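> Okay, here's the prediction I keep looking at, along with the sequence it came from:
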Amino acid sequence: MFRRHMIAGAIASVLALGGIAPAAAQDAVKIGLILPMTGPFASTGRQIEAAVRLYMAQHGTTVAGKKIELVLRDDTGTPDVTRRIAQEMIANERVTFLAGFGLTPLALATAPLATQAKKPMIVMAAATAMITEQSPFIVRTSFTLPQATVPMADWATHNGLKRVATLVTDYGPGLDAEKAFKERFARDGREVVADVRVPLRNPDFAPFLQRVADLKPDALFVFVPSGVGAQFMKQFQERGLDKSGVRLIGTGDLTDDDILNEMGEPAVGVVTTHHYSASNPSAVNKAFVKAFRAANKNARPNFMGVGGYDGMHVIYEALKATGGSTDGEKLVGAMKGMSWQSPRGPVTIEASTRELIQNIYVRKVERVDGELYNVEFATFQAVADPAKKR
Amino acid sequence: MRSATASAREKARQAVADATRWQTPELAFWAVAIAAIFLFPSRHLLLNEIAIVGLFALSIDLILGYAGIVSLGHAAFFGVGAYTAGLLAKAGIGEPVAGLAIAAAVAAAVGFATSFLVIRGSDLTRLMVTLSVALVFVEIANRFESITGGVDGLLGISMGPILGLFEFDFGGTTAYCYSLAVLFGMFLVARRLVRSPFGTSLRALKENRLRAGAIGIPTARRIVTIYTISASIAGVAGALLAQTTAFVSLEVLDFARSADGLLILVIGGSGYLYGGLLGAIAFALMRDALSSLTPAYWMFWMGAILVALVVVGRERVVAKFAAAVDRLRGSGS
């Protein structure tokens, strides 16, 4: 038995280990895209991949005389795998950029490598505020939770909500959202009556929602990661909370464009604040949504998609600005202060924090042409991340 | 009379000596493992991961293949080891070997404490008990966020050079050599253990615990001992992961890790020690190759292959493969 295992093992090993020889093309710039393509956060990976490929299809694969190559790998949402893949990409594939990073722990695990190897690391999704502080090579094209949350607290204040409960997923971004909301809202005699945290893995909202129902607040502020909103909405309805007079408010992660349609009637009227809605009326966005739908079987882009799209823009423009340099410091330098028209609106990368300064929109879920959309009805102009010291 | 006892003792000694003798394929296996340092210089990170997963599977094999304890929660000890090593490094004890020793001791202590839960009950009870223990540990790590970093993971681990001599490098060469050395050391311990009279008594109690008790084997004590040793080895594997990746997150305690460990033993076979190692190689390489071919759908192929393996039977698949190799070799010469 042992001998046979040995032979089979040895041959299979050689095939698998030697089979994937890193191809070294001349004058190519490689982008290592690491995303959760399987597991509970696969929707994030699919959105970003689709947007990245769309950007490359629209803008060509030659920039500043260099051929752009995309290396996509699945990290299953597990930090040690993300880190190993990133390390292999730097050491073997000789990538110039690291990009992707669907969840906060995945970005945090990789940050020290970016510093050590001096590689620009474009965070296209993960949204805990402190990520960009972990390495001077991190540039973020998504958003931060405090950035989306503080406008929500202001809106709630202006609209006469006095007692609000918060419900967040128990990890970095959720805690960020909870903290930002509480600090901003709990002023002038306003009250956060309960702060509930739900585990990241296998969330069951029922017991937490019961607590909220008992407290009868004016509104419930919710943060859940992209993709989990549908499950939340279902349980919110099952508990009869949608008819109890408790208003549902939150960051746009809750009414994620990707799954908004599946949520159905209970989602209508939910007010959220976020940096992107697929229904944004600008011409840039209309063209983006149209192209995205055409390339992806009519699927709608969400805020993850736009993060990936803008991430590619940053990479392309940095290469153009440096004349195709592969020097990490120069590239990050070129990214600082960059401004452009994104599908989400006008954006600028703040030089001191490497975070986007962007508009945060207040949106309400409405039925448009038979589909549910987050319709933007008010705008907070040029919001910088409030969590950073300046 | 005396000479009869003496000759019986001599025979027993001879049997143990025979059982512990090194065979050619075993030597070849380790030779290949060492040769891999030079053969695949660009894959050291993956090889490092394989060595760690292999060591973890080996620890499960000790209780599953030799004592017949099915555990779904062995990641608990892996995680305890990983967090111990990570926290030590964060606290300033950055020397990996010392960290490893302490992690092994802590995991052993936890294993010893929880071993009393697995003495009782049937296989199914054990399955649930081990699973619950692991879940409890996940929740503890999640709650004590100020210490463990919660879901975001333990940040800011900086490892010192091994024994003050070998710095961890970017390509993972040091990491692989280090993990391989530790794996080999642990393997020697396990090998000596299972081929000793102690190991034989374990097999007896695996076959039939009641009868083993009747012939005077202290079954409860044996289970406690092997469970503690196994937990300690799992802790070492966890510590290796923490040290070579300089990061620890809740995933080290994840149920999926325990399940993967069992899966690896299904692939490689249990009860002969190399099953965990060969299974780990097959599992990791398959995953790596498939996930770089189709990043979105590799799990489907992985599942399909595993189902095929179980339906057709590992022995037959391997036999076919070996036969094909023989034919190739035959036609080649």
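That came through fine.

> Please report how far A:Thr353 lies from A:Val139.
With distances taken as Cβ to Cβ, to the nearest Å, A:Thr353 is found 10 Å from A:Val139. For glycine as for every other residue, the C-beta is placed from the backbone atoms N, C-alpha and C.

> Neighbour count: the two, which is higher?
When A:Thr353 and A:Val139 are compared for neighbours, A:Val139 comes out ahead with 27 against 21, by other Cβ atoms under 10 Å in any protein chain shown.

> Run through the neighbouring helices and strands of the helix or strand hosting A:Met304.
In this assignment (DSSP states H and E), A:Met304 forms part of helix A:303-321. Counting by 3 or more Cβ pairs under 8 Å, 6 or more residues apart in numbering or on different chains; DSSP states H and E, the packing neighbours recorded for helix A:303-321 are helix A:42-59, strand A:62-63, strand A:97-100, strand A:121-123, helix A:283-295, helix A:328-335, strand A:339-342.

> Overlap in contacts, A:Thr353 and A:Val139.
Common contacts of A:Thr353 and A:Val139 (Cβ atoms under 8 Å, 6 or more residues apart in numbering or on different chains): A:Thr132.

> Count the neighbours of the residue of the stretch 51-200 of chain A found nearest chain B for me.
Taking Cβ to the nearest Cβ, chain B has its nearest neighbour within the stretch 51-200 of chain A at A:Tyr171, 3.6 Å off. A:Tyr171 has 24 neighbouring residues, counting by other Cβ under 10 Å.

> cool, and A:Val332?
A:Val332 has 23 neighbours, counted by other Cβ under 10 Å.

> and it, what does it touch?
Applying Cβ under 8 Å, 6+ apart, the residues contacting A:Val332 are A:120, A:136-137, A:139, A:318, A:354.

> Provide a list of residue ranges in the stretch 1-150 of chain B with pLDDT below threshold.
B:1-3 (pLDDT under 70).

> phi, psi of residue 206?
I'll assume chain A. Main-chain dihedrals, A:Ala206, degrees, to the nearest 10: phi -50, psi -50.

> To clarify, I was referring to chain B.
Residue torsions, per degrees, to the nearest 10, at B:Lys206 are phi -70, psi -40.

> Spit out the contact partners of it.
By Cβ under 8 Å, 6+ apart, the residues touching B:Lys206 are B:66-68.

> A:Asp242: which of the helices and strands packed on helix A:303-321 is closest?
Comparison of the helices and strands packed on helix A:303-321 against A:Asp242 by Cβ to Cβ identifies helix A:42-59 as nearest, at 23.8 Å.

> quick one: buried residues of that closest one?
For helix A:42-59, the neighbour count (16 or more other Cβ atoms under 10 Å in any protein chain shown) marks A:42-56 as buried.

> touching chain B at all, it?
Yes. Using Cβ under 8 Å from any Cβ of the partner chain, helix A:42-59 reaches chain B at A:42, A:45-46, A:49.

> returning to what we had before: drop anything exposed from the contacts of A:Val332.
By 16+ other Cβ under 10 Å, the contacts of A:Val332 give A:120, A:137, A:139, A:318, A:354 as buried.

> I'd like the distance between the last one and chain B.
Same thing as A:Arg354. According to Cβ to the nearest Cβ, to the nearest Å, A:Arg354 stands 18 Å off from chain B.

> and the residue in the stretch 101-250 of chain B positioned nearest to chain A, what does it touch?
Nearest to chain A, among the residues of the stretch 101-250 of chain B, is B:Val151, at 3.6 Å (Cβ to the nearest Cβ). By Cβ under 8 Å, 6+ apart, B:Val151 lies in contact with A:104-105, A:170-172, A:200, B:142, B:249-250.

> May I ask which of these has the most neighbours?
B:Ser249 (31 neighbours).

> Verify the stated contact: it with A:Pro105.
Yes. Under the criterion of Cβ atoms under 8 Å, B:Ser249 makes contact with A:Pro105 at 5.1 Å.

> Which neighbours do these two have in common?
What both B:Ser249 and A:Pro105 touch, as defined by Cβ under 8 Å, 6+ apart, is the set A:79, B:151-153.

> low pLDDT regions in chain A?
Ranges of chain A meeting pLDDT under 70: A:1-26, A:188-189, A:390.

> which residue is nearest the middle of it?
By Cα atoms, centre = their mean, chain A has its centre lying nearest to A:Ala125, at 2.5 Å.

> For that residue, give me its contacts.
Contacts of A:Ala125 by Cβ under 8 Å, 6+ apart are A:44, A:48, A:100-103, A:142, A:226, A:304, A:307-308.

> rerun at 6 Å
Neighbouring residues of A:Ala125 by Cβ atoms under 6 Å, 6 or more residues apart in numbering or on different chains: A:44, A:102, A:142, A:304, A:307.

> ok, A:Leu209 to chain B distance?
As defined by Cβ to the nearest Cβ, A:Leu209 lies at a distance of 21 Å from chain B.

> Report how many residues lie close to B:Asp260.
Around B:Asp260 there are 20 other residues, counting by other Cβ under 10 Å.

> what do you get for the one 4 residues further on?
B:Ile264 sits with 27 neighbouring residues when counted by other Cβ under 10 Å.

> In which helix or strand does it reside?
Counting by DSSP H and E, the element that carries B:Ile264 is helix B:255-268.

> Show me how far that helix is from its chain's centre.
Average the C-alpha atoms of helix B:255-268, do the same for its chain, and the two points are 10 Å apart (Cα atoms, centre = their mean, to the nearest Å).

> Stretch A:278-294 too?
Mean C-alpha position of stretch A:278-294 versus that of the full chain (Cα atoms, centre = their mean) differs by 18 Å.

> How about stretch A:240-249?
27 Å.

> Contacts for that stretch, please.
Stretch A:240-249 is contacted from outside by A:213, A:219-221, A:266, A:270-271, using Cβ under 6 Å, 6+ apart.

> Now distance to chain B and secondary structure too, for those residues, in JSON lines please.
Output for the contacts of stretch A:240-249, formatted as JSON lines (distance: Cβ to the nearest Cβ, whole Å; DSSP: H, G, I helix; E, B strand; the rest coil):
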{"residue": "A:Ala213", "distance to chain B": "25", "secondary structure": "helix"}
{"residue": "A:Ala219", "distance to chain B": "26", "secondary structure": "strand"}
{"residue": "A:Leu220", "distance to chain B": "22", "secondary structure": "strand"}
{"residue": "A:Phe221", "distance to chain B": "20", "secondary structure": "strand"}
{"residue": "A:Pro266", "distance to chain B": "28", "secondary structure": "helix"}
{"residue": "A:Val270", "distance to chain B": "26", "secondary structure": "coil"}
{"residue": "A:Val271", "distance to chain B": "28", "secondary structure": "strand"}
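
> and the biggest helix by length in chain B, what does it pack onto?
Identified as the longest helix of chain B according to DSSP state H is helix B:219-245. Here helix B:219-245 touches helix B:44-61, helix B:75-90, helix B:96-119, helix B:173-194, helix B:197-207, helix B:209-214, going by 3 or more Cβ pairs under 6 Å, 6 or more residues apart in numbering or on different chains; DSSP states H and E.

> Deepest-packed of these, please.
By mean neighbour count, with neighbours taken as mean count of other Cβ atoms under 10 Å in any protein chain shown, helix B:75-90 ranks first of the helices and strands packed on helix B:219-245 at a mean of 29.

> name the helices or strands packed onto that helix?
helix B:96-119, helix B:123-143, helix B:219-245.
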